[in-house]
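**Q** Need coordinates for the below:
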Amino acid sequence: MPPTVWGLTLCQALLISGNVLLIATSPLIGARLSPSADWSTLPVALQLLGLTAATLPAGWLTACLGRKRTFVLGNLVGLAGIAACLLALVQAHFGLFNLGTFAIGMSIGVGMLYRFAALEAAPEPLRDSALSWVMAGGVVAALAGPWLAEHLRDALATPFLGSFLGLGGLYLAALGLLATLRFAPVTARATPLPPPRPVGQLLRQPLLPAAIACAALGYAVMNLAMTATPLAMSHAGHDFGAVAEVIQWHMLAMFAPSFITGRLTRRLGHARMIAIGALCLFASLLCAWLTPAVWAFTLGLGLLGLGWNFTFLPASAWLTTHYRAGEAPRVQAINDCAVFALTSLSALAAGPLNAWLGWQRLNLWLLPAVLLLLVIALRAARVRHSDS
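**A** Model prediction:
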């Protein structure tokens, strides 16, 4: 693997460590600062809305400025958002905290392009593996994120202030690392490229919308259940240490399989791998009926993370097989915009659904989305088989 891939793996680890910290703390901060329990997950929803809002501009900036400058700019926006969150915690200001999480979400939206940058930096035979290795940086995050959230939560007089100072340290470390990496120009090629096709023509390819839909559904189902978990566990009487531990196992399940996901995808195919992921998501939702025991939350969230890995990573790699080199920034931005728009809605819905339906019925409502994901993957597998 080229050094750029390893550097992006570490950057991804730092980015996701911060994201895990936000997942574990933001719903609880929202519940403490918001005027109503229905708005407790608004900071998470706005974080994802910021992520979604950054996807299309990030694609445009990548085409104009290149990968490195775009990534550095995104990191600086994240640091500004962290500063806003710190001030909001000191002043107990719910609106300012939401503004800060929106800016952090924009930074994460730019950082989600790390996986495509790594894929482009790797030789053709290693591209699936390069993407998987970058996402495997989340294994470090699975250990570091919950640890930071738990041990820095009460480090200062204001609850969670230390957690966000730790988040700032992660972003500064990533900024320093990005400054050392080298990226090939996105449009640099030895031969002239054909003009990019219109978006409508690209989306008329049957398997390109399928790849986008699989990534979006898998991510949204995972995110809604994950976002509601701290609230559900708190309502069940579990302390923050138990919440952090469950989230930690969930994140390990999300990213540890990445070491083999690329190999399995090459062997089974993208669509079949996604179908396996959908079955894991289905099993995770059924585990909700075994709660409120901590082990049941742990098992369910573990299967939820595994299902996300086996849907999102193959779908991301699958996407790259359906566009030309010069179309990459635009198609990647469209994909991430669709994925994170749906994921933002899932985060916004997590708080009200958990309050109105309860944890078990909430998971029951997610079953149709998982079945739709499975149907899309199986139909795409048949289309691909018939084409071959």
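**Q** alpha carbons only for contacts and neighbour counts from here, please
**A** Will do.
**Q** Mind listing what's buried along the helix or strand of the chain with the lowest mean pLDDT?
**A** Evaluated with mean pLDDT, DSSP states H and E, the helix-and-strand set of the chain has its lowest mean pLDDT in helix 199-203, which scores a mean of 73. In terms of neighbour count (16 or more other C-alpha atoms under 10 Å), helix 199-203 has its buried residues at residue 202.
**Q** okay, it in CSV with CA atoms only?
**A** Coordinates of each C-alpha in helix 199-203 appear next as CSV, following Å, rounded to 0.1, in the frame of the first residue of the first chain:
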residue,chain,number,x,y,z
VAL,A,199,-26.1,13.2,-14.0
GLY,A,200,-29.3,11.8,-15.5
GLN,A,201,-27.4,9.5,-17.8
LEU,A,202,-25.2,8.3,-15.0
LEU,A,203,-28.3,7.5,-12.8
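**Q** Need the contact partners of it.
**A** Defining contact as C-alpha atoms under 8 Å, 6 or more residues apart in numbering, one finds that helix 199-203 is touched by 208-209, 323.
**Q** just stretch 133-143 next, same as before
**A** Contact partners of stretch 133-143, identified using C-alpha under 8 Å, 6+ apart, comprise 5-6, 8-14, 16-18, 20, 114-115, 118, 247-252, 254-259.
**Q** Filter the contacts of helix 199-203 down to the buried ones, ChimeraX style.
**A** Provided next is the ChimeraX selection string for whichever of those are buried by 16+ other C-alpha under 10 Å:
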select :208,209,323
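**Q** and the contacts of helix 199-203, which of them are in helices?
**A** 208-209 (DSSP state H).
**Q** would a markdown table of the contacts of helix 199-203 with distance to residue 365 and pLDDT be doable?
**A** Formatted as a markdown table, the entries for those read as follows, by distance: C-alpha to C-alpha, whole Å; pLDDT from 0 to 100:
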| residue | distance to residue 365 | pLDDT |
| --- | --- | --- |
| 208 | 27 | 86 |
| 209 | 24 | 89 |
| 323 | 35 | 77 |
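**Q** And the helices in the stretch 201-350 of the chain?
**A** Remark: helices assigned in the stretch 201-350 of the chain by DSSP state H, counting those that start in this stretch are 207-235, 240-255, 258-268, 270-286, 294-319, 328-357.
**Q** now the angle from the longest one to helix 207-235?
**A** Between the axes of helix 328-357 and helix 207-235, defined by axes from the mean of the first three to the mean of the last three C-alpha atoms, to 10 degrees, the angle is 30 degrees.
**Q** Give the other helices and strands that helix 328-357 contacts.
**A** Judged by 3 or more C-alpha pairs under 8 Å, 6 or more residues apart in numbering; DSSP states H and E, helix 328-357 is in contact with helix 42-65, helix 207-235.
**Q** For residue 182, which non-adjacent residue is closest in space?
**A** Nearest-residue entry for residue 182: residue 4, 6.5 Å, with adjacent residues in sequence omitted and distances by C-alpha to C-alpha, 6 or more residues apart in numbering.
**Q** Counting neighbours, what do you get for the one you found?
**A** Under the neighbour criterion other C-alpha atoms under 10 Å, residue 4 is assigned a count of 19.
**Q** any idea how far the least confident helix or strand of the chain is from the chain center?
**A** Its chain's C-alpha centre lies 25 Å from the corresponding centre of helix 199-203 when counted by C-alpha atoms, centre = their mean, to the nearest Å.
**Q** Correct me if wrong: residue 174 contacts residue 13.
**A** No: with contacts defined as C-alpha atoms under 8 Å, residue 174 does not count as touching residue 13, sitting 9.1 Å away.
**Q** These two: who's more crowded?
**A** Shown here are residue 174 and residue 13; by other C-alpha under 10 Å, residue 13 has more neighbours (25 against 22).
**Q** May I have the residues that are in contact with residue 179?
**A** Under the criterion of C-alpha under 8 Å, 6+ apart, the contact partners of residue 179 comprise 68, 72.
**Q** and what of residue 115?
**A** For residue 115, the set of contacting residues under the criterion of C-alpha under 8 Å, 6+ apart consists of 8, 131, 134-135.
**Q** Please tell me how far it sits from residue 219.
**A** From residue 115 across to residue 219, the span is 15 Å (C-alpha to C-alpha, to the nearest Å).
**Q** Equivalent analysis for residue 161, please.
**A** Residue 161 sits 29 Å away from residue 219, taking C-alpha to C-alpha as the criterion.
**Q** again, but for residue 276
**A** Per C-alpha to C-alpha, residue 276 is found 15 Å from residue 219.
**Q** So which of the two has more stuff around it?
**A** Set side by side, residue 276 and residue 219 show more neighbours around residue 219, with 22 against 18, by other C-alpha under 10 Å.
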